[in-house]
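Novice: no sequence for this one, just the structure:
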């Protein structure tokens, strides 16, 4: 009877281990959520989750008004002329990121309104115990050809 109890306890432990591991990953995956200040310190980007993917949109601009026109800044550098009239405020910069289950949000895209170009992108925390600094790497083709910026969490 004692052996049966030990087997039962071990079986229950094996069943709950993957559940605990999944829950820990979900918490880690959610560490990226929140508002981030870009490296140029001229925009806040809110990262949010929708349908198991991560997105980021502009929610604050240091200078939201175009000095020449007196109107909200527009996405006037966009390669697609039909999109040049949309405002930068509220613009979707990050899209389609998935958490790799370990330490990286990958397979996403980042849009740079300063040059109107769209890039492949991944994001990660450069230091495991610091969730207030985010490495954002945009690239063309493969990640060796690209640019890295660091965003800080807005508290």
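Specialist: Done, it's in. Note that the structure is a prediction, hence the values are computed from the model and not measured.
Novice: run through the protein and note the low-pLDDT ranges.
Specialist: Low-confidence regions of the chain, defined by pLDDT under 70, span residues 1-27.
Novice: and the strands in it?
Specialist: 34-37, 43-50, 53-61, 92-99, 104-112, 117-124, 133-139, 146-153 (DSSP state E).
Novice: which residues does residue 121 contact?
Specialist: Taking CB atoms under 8 Å, 6 or more residues apart in numbering as the contact definition, residue 121 lies against 94, 97, 108, 109, 110, 136, 137, 138, 139. Backbone N, C-alpha and C define where each C-beta goes, glycine included.
Novice: re earlier: out of the strands of the chain, which is closest to residue 79?
Specialist: Smallest distance to residue 79 across those (CB to CB): 6.8 Å, for strand 117-124.
Novice: turn the strands of the chain into JSON lines, columns for distance to residue 81.
Specialist: What follows is these, written out as JSON lines (distance: least, CB to CB, whole Å):
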{"stretch": "strand 34-37", "distance to residue 81": "30"}
{"stretch": "strand 43-50", "distance to residue 81": "23"}
{"stretch": "strand 53-61", "distance to residue 81": "21"}
{"stretch": "strand 92-99", "distance to residue 81": "18"}
{"stretch": "strand 104-112", "distance to residue 81": "16"}
{"stretch": "strand 117-124", "distance to residue 81": "14"}
{"stretch": "strand 133-139", "distance to residue 81": "23"}
{"stretch": "strand 146-153", "distance to residue 81": "25"}
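Novice: do you know which of those lies nearest residue 80?
Specialist: strand 117-124 (9.7 Å).
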